[in-house]
Each structure stands twice: as C-alpha cells, then as structure tokens.
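>>> got a sequence here, can you build the structure:
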Amino acid sequence: MTLPPGPKTPLWLLRQQLDTNPLGCLDDIYKRYGDIITIMSGSTPIVYVSNPSGIKQYLTNTKEITISSVPPGDSPITVGQMGQQGILHLDGLVHKHRRPLLMKTYHGERMNASGKTICELTEKILSQQAIPKTFIANEMLSKITLQVAIEVVIGLREGERYEQIKHLYTSCMKYEKSPLFEIITKLPFTQLDLGRLSPWGYHKYILKEIFQFLYNEVKERRQEADPSRTDMLSDLIFACDETGKPLSDEEVRDLLFLPISASNNGATDSLTWLLYWVHRLTDVREQLLEELDSLGENPDPMRIVALPYLNAVCNETLRIYPSSMFSLPRVVVSPVEIMGYELIPGTVLFTNIYSTHQREDVYPEPKQFKPERFLEKKFSPYEFIPFGSGGRSCIAGAFSIFQMKLVLATILSNYKLTLVNKQPERPKHSNDQCYAKSGVKMVMHGRRQHQGKSKPLVSDFV
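Presented below is the predicted three-dimensional model:
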C-alpha cells in the first residue's frame, strides 16, 4: 500500500495542537504535506483530502468506498449525544430511507413558512438587549436558533413543555462548551458515572432527561396525531420504515435529538462569525445595508433571502469558518486509487473542508473576507462544501443559510450594534467545529432608522 505523506506526530499531540491553534495547525500541515495527507490512528490510516478533484474522485467511487456510520474512535459521549438510532449512526438502506424523512422539514414551503417566525423571534430577542450594555453575541443568537429549531423539529413555541425542553438543551450545550467538559472528552478515565454531581454523571443526567422528554412527547403526540401539522415530529409519527412498518417511539426519539442540537450549535456559531465580520468591516456593512434598504420597511422574507450580496456575505463567512472543519468519514471497502495513491480496505477518508476553502488556486487571497468572489464565480460542490457533500451532507444546510440571511437582515436593518474588542476574534476548536472563542462581545446602541432607498448614513453605524 502506498499512502499519502503526513505528519509523524502522535495523534494525541496533533489533537492538542488542533485545539490550541486549529487554523494554524491545518495551514501548516497543508503547506508541508499538500492536499492529501495521512494520519495514523493506531494501525488505521486516516486520509484527509482537500483537493477538489480528489474529493470528487472518492465521493463518486461508491463501489470501492462506503459511508461510515460511526467515526473512528467514536466515544460514549458521541454515541449518547446522537442516540443509538440517530441519523449519524444509521447506514445502508435504513439511512437512505430515513434521510429524506428528516430533510422534508427543511425544504420547500415548510422552509418558506418559517421565514416570518425567524424574523419575529430575532426582533423579539434583540429588543430585550439593554442599552448601552455589553452582551455576548453567541449567547443571544443561541436563543434565536434554539427556539427556531424546537419549533421546526417538535412544533413547540410556548408553554410549559416548550420552556422545559429549551432549558434542557440550553444546559446541555452550555456544559458541552465548558472547560470541564473539554477535559472529560480528552481523558476517557474521567468518564465515570458517580451521580449527577460528578462531571460525567451530570452530562449523562442531562442527556437522559432530554431523551426522556422527547420520548414522552412522541408518545403523547402519537395518541393525538394531527396530519395537518408540519413539524418533523409529526412527519416521523406518520412515517413508515423501509419494510412498511411505522417507526417505533424509540426510533423517532433518537431521530429528533440531533436536528435540534445541530441546528442550534452549528447555526449559532456561523451566525456569530457572520455578525463579527459584518461589524468589523465597514464597507461590507454599508453595502449590505444599502441592499437591504432597497427593499423598504418590513420586506417579505423571501425577498430578503434572494438578495445577491447578502447571499455572498453568508457564503464567505461559511468559507472561512465552515460549520464543520471536516466531513463525516467514508471507508475503503475494496482497493481503490485516489490521486495516484493505492488505498486498501479499512482506510478512512475525510474531506478537509477548511483547507479546501483555503486553496489559493480556488480562492485568491483566502485569508481575506471578500464576499464579491461569490458574485464573480460559481463554485463547484467539491470547492465550496460548508455542510459536507454527498449522502452525509448536513440535512439542514439550505435551511441554515436561509436562517442566517433572515437573522442578519433583521438585526442589521433594525438595530445599531458595535464590537467591543478591536482585536481580531480568535477561533476555538471543539468537536470539529470552529467557533469564536469570546463569543463576540457587542454593545447595543438602540434602533436604527430606515433609510428607504437612499444610501445609509455613516452616522447610522458609529
């Protein structure tokens, strides 16, 4: 077997370097070893590809390369978070059947109907920010994306049950970004359940509470099933599996968990970076406001999402900081040649999304935030892949961009915000996601006066 080159650094040390300086670490590896590299995990070769032609080659070799349902080294934490029958732990015919059931919620008229809700929730939460008081953008945006996710997935918007599930998910996600949880994920011997007062036990307790809530909700909704409802839970209650049998309550419960979690985590991090770039770069902000003001006051959400420069700004944010830095894995099942290297069965393949987005031959001056590149060129699905590609791409990718556009447009059109820190925001790496370390500190200065179709005044921003 001829493997691509790669660092000989122990895997544990590479992970530490990635956590400390994620983008610098990946940039250094790319410069030294090129766009296809190997990192050994024990005796298993893990090959990362960041060459568009190579990505297309291995994604289309479906006979020799198959989807992996469980990433190598998958921990009890990961399995517990997803549920044993969650979409990421299914493969083959079962995965092929379940995926469209979940995707139905995020497309067509369903997505369009969510537009007004997203704008209303954003307006409601922004209006609660004190003036002039510092707030953490990530925390504020998390409130918006979580409420949207709960409504879209479960169909709850208010009431006791809504408040209960919102509290559980908020507690879980806050804990999973804490320094203590970082230690647990890196030191397996700390994964001892000593009750809810212990670090591992507390995490298990929260997950158990969430899964129990979802299970109860499934059972109750099945008893009073309403075919007119358009949330994901209703779709799954009425759905049948590949044999024609209704999905079990346990299956529906597990399938519901990840869409809420992913919609909140990934969307919140992307929106945080989006708000950061727009308020850091005056020219970008002014051009966006001019485009938004051209629609007049209270425009229809579907007119907002069609704006070309707004789309370009969202795409450029996802290019620099994609929702996930790597794709989900695929596994070689029979000998195959990729980019001139012979790979044997058992080799694991990942798309290095971040390094693909940093290629100078595809994106000149890749470190610069330049939305206009998305107005000047249409990139292939092997060059611009913020949500992964193929059969394991994010089911809510289109909805995520849809939500990004409406949240940003609502904030920018109606409120005057500024960044607290003048220094560039530092990225932090966790679970293959790259998020803003400080959460982006901002100050609310009050409402912004609409400018109609005229060019916005500089005084509106400073």
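
>>> could you pull out the strands in the protein for me?
Secondary structure of the chain (DSSP state E): strands located at 36-41, 44-49, 65-67, 134-136, 330-332, 336-338, 341-343, 348-351, 415-419, 427-430, 433-436, 441-447.

>>> now render those strands as JSON lines, adding mean pLDDT, mean neighbour count and distance to Ile395.
For every residue, glycine as well, the C-beta is placed using N, CA and C. Shown next, in JSON lines, are those (pLDDT from 0 to 100; neighbours: other Cβ atoms under 10 Å; distance: least, Cβ to Cβ, whole Å):
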{"stretch": "strand 36-41", "mean pLDDT": "91", "mean neighbour count": "18", "distance to Ile395": "27"}
{"stretch": "strand 44-49", "mean pLDDT": "92", "mean neighbour count": "21", "distance to Ile395": "23"}
{"stretch": "strand 65-67", "mean pLDDT": "76", "mean neighbour count": "18", "distance to Ile395": "14"}
{"stretch": "strand 134-136", "mean pLDDT": "94", "mean neighbour count": "15", "distance to Ile395": "28"}
{"stretch": "strand 330-332", "mean pLDDT": "89", "mean neighbour count": "20", "distance to Ile395": "17"}
{"stretch": "strand 336-338", "mean pLDDT": "91", "mean neighbour count": "18", "distance to Ile395": "26"}
{"stretch": "strand 341-343", "mean pLDDT": "92", "mean neighbour count": "18", "distance to Ile395": "28"}
{"stretch": "strand 348-351", "mean pLDDT": "92", "mean neighbour count": "24", "distance to Ile395": "17"}
{"stretch": "strand 415-419", "mean pLDDT": "96", "mean neighbour count": "17", "distance to Ile395": "31"}
{"stretch": "strand 427-430", "mean pLDDT": "79", "mean neighbour count": "19", "distance to Ile395": "22"}
{"stretch": "strand 433-436", "mean pLDDT": "84", "mean neighbour count": "21", "distance to Ile395": "17"}
{"stretch": "strand 441-447", "mean pLDDT": "94", "mean neighbour count": "16", "distance to Ile395": "31"}
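
>>> and Ile385, which of those strands is closest to it?
Among these, the nearest to Ile385 by Cβ to Cβ is strand 348-351 (6.5 Å).

>>> list the contacts of that closest one.
Here strand 348-351 makes contact (Cβ atoms under 8 Å, 6 or more residues apart in numbering) with 41, 44-50, 55, 58-59, 65, 68, 72, 326-332, 338, 343, 385, 388-389.

>>> measure Ile183 to Glu372 for me?
43 Å (Cβ to Cβ, to the nearest Å).

>>> no, scratch that, I was asking about Lys204
Noted for Lys204: a distance of 48 Å to Glu372, by Cβ to Cβ.

>>> for Lys166, same thing?
Taking Cβ to Cβ, one finds Lys166 at 39 Å from Glu372.

>>> for the two, indicate the residue with more neighbours.
It is Lys166, of Lys166 and Glu372, that has more neighbours when counted by other Cβ atoms under 10 Å, with 16 against 13.

>>> quick one: contacts for that one?
Residues in contact with Lys166, defined by Cβ under 8 Å, 6+ apart, are Leu146, Gln147, Ile150.

>>> helices - which of those land there?
Leu146, Gln147, Ile150 (DSSP state H).

>>> format these as TSV; extra columns: neighbour count, pLDDT and distance to Glu376.
Formatted as TSV, these follow (neighbours: other Cβ atoms under 10 Å; pLDDT from 0 to 100; distance: Cβ to Cβ, whole Å):
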residue	neighbour count	pLDDT	distance to Glu376
Leu146	23	94	36
Gln147	22	93	36
Ile150	21	93	39
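
>>> okay if I get those residues as JSON lines plus distance to Arg303?
Listed next are these as JSON lines, based on distance: Cβ to Cβ, whole Å:
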{"residue": "Leu146", "distance to Arg303": "26"}
{"residue": "Gln147", "distance to Arg303": "23"}
{"residue": "Ile150", "distance to Arg303": "27"}
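
>>> Gln85: which of these is nearest?
Ranked by distance to Gln85 (Cβ to Cβ), these are led by Ile150 at 20.6 Å.

>>> okay but that closest one is in contact with Ser261, surely?
No. Ile150 sits out of contact with Ser261 when judged by Cβ atoms under 8 Å, with a separation of 11.0 Å.

>>> shared neighbours of those two, anything?
What both Ile150 and Ser261 touch, as defined by Cβ under 8 Å, 6+ apart, is the set Tyr169.

>>> contacts for stretch 139-154, please.
In contact with stretch 139-154 (Cβ under 8 Å, 6+ apart) are residues 105-106, 110, 114, 117-118, 121-122, 125-126, 129, 156-157, 162, 165-166, 169-170, 173, 214, 217, 231-233, 256, 259-260, 263-264, 267-268, 271-272, 275, 399, 403, 407, 439.

>>> 7 Å instead, please
The set of residues that contact stretch 139-154 without belonging to it, under Cβ atoms under 7 Å, 6 or more residues apart in numbering, is 105, 114, 117-118, 121-122, 125, 129, 156-157, 162, 165-166, 169-170, 217, 231-233, 256, 259-260, 263-264, 267-268, 271-272, 403, 407, 439.

>>> ok, now stretch 55-62?
Outside stretch 55-62, the residues within contact range by Cβ under 7 Å, 6+ apart are Val49, Ile65, Arg330, Val336, Ile338, Met339, Leu349, Thr351, Thr356, Tyr382, Ser389, Gly390.
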